[in-house]
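Asks: structure for the following, please:
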Amino acid sequence: MNTDPSTAAPRATGGCLCGGVRYALRGALRGVVNCHCGQCQRSHGHYGAYTSVAPDQISLTETRGLKWYQSSAMARRGFCAECGSSLFWEPAGKDHLAIAAGSLDQPSGLTTTGHIFTDDKADYYTIDDGLDHWPGSGEP
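Replies: The predicted structure is shown next:
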């Protein structure tokens with residue numbers, strides 16, 4: 001991630017609930033994918049809704065609250081240690097950073113494109129929106 005704000009106009013901005021973490025995104029954002037894995041359920045209190053961007057396309061404009069948690073061997077999660085907002089999911093060795101869609105300032109202009117890890121979804125809701133879904137990480 002880039003900690004030096006770029007001079008190019010951001011495509012989107014966002015941050016946590018308290019303002020302890022703020023970011024600006026440049027370049028193309030992927031449509032929102034809803035992740036129903038157990039870790040997202042625990043981290044978000046429901047499923048996680050994420051867009052993504054190339055790591056060099058994010059500038060952190062406020063970092064005082066940013067902390068990282070190594071949630072598995074394959075990824076770490078970024079959150080605000082001041083207010084608890086879940087913000088980022090960063091896979092090891094990949095060329096993208098997932099951004100929690102709810103942390104984007106509105107309007108985002110994004111739409112939801114599908115669901116992953118649907119075999120792990122909780123039993124209290126259904127997925128009936130007609131979008132593509134995958135039992136595992138078959139992310140588009």
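Asks: run through the helices of this structure in chain order.
Replies: 38-44 (DSSP state H).
Asks: next, the buried residues of stretch 52-60.
Replies: 52, 53, 57, 58, 59, 60 (16 or more other C-beta atoms under 10 Å). The way it works is simple: take the backbone N, C-alpha and C, and place the C-beta from them, glycine included.
Asks: out of those, list just those in strands.
Replies: Counted as lying in strands by DSSP state E, out of these, are 52, 53, 58, 59, 60.
Asks: from residue 54, how far off is the nearest residue to residue 36 once chain neighbours are set aside?
Replies: Nearest residue to residue 36, sequence neighbours excluded (C-beta to C-beta, 6 or more residues apart in numbering): residue 121, at 3.9 Å. Distance of residue 121 to residue 54, computed by C-beta to C-beta, to the nearest Å: 29 Å.
Asks: and the spatially closest residue to residue 57 that is not a sequence neighbour, what pLDDT?
Replies: Using C-beta to C-beta, 6+ apart and skipping residues adjacent in sequence, the residue nearest residue 57 is residue 27, 3.9 Å away. On the pLDDT scale, residue 27 is placed at 85.
Asks: what does residue 32 give?
Replies: pLDDT, read off for residue 32, is 97.
Asks: for it, give me its contacts.
Replies: Residues near residue 32 by C-beta atoms under 8 Å, 6 or more residues apart in numbering: 49, 50, 51, 101, 110, 111, 112, 113.
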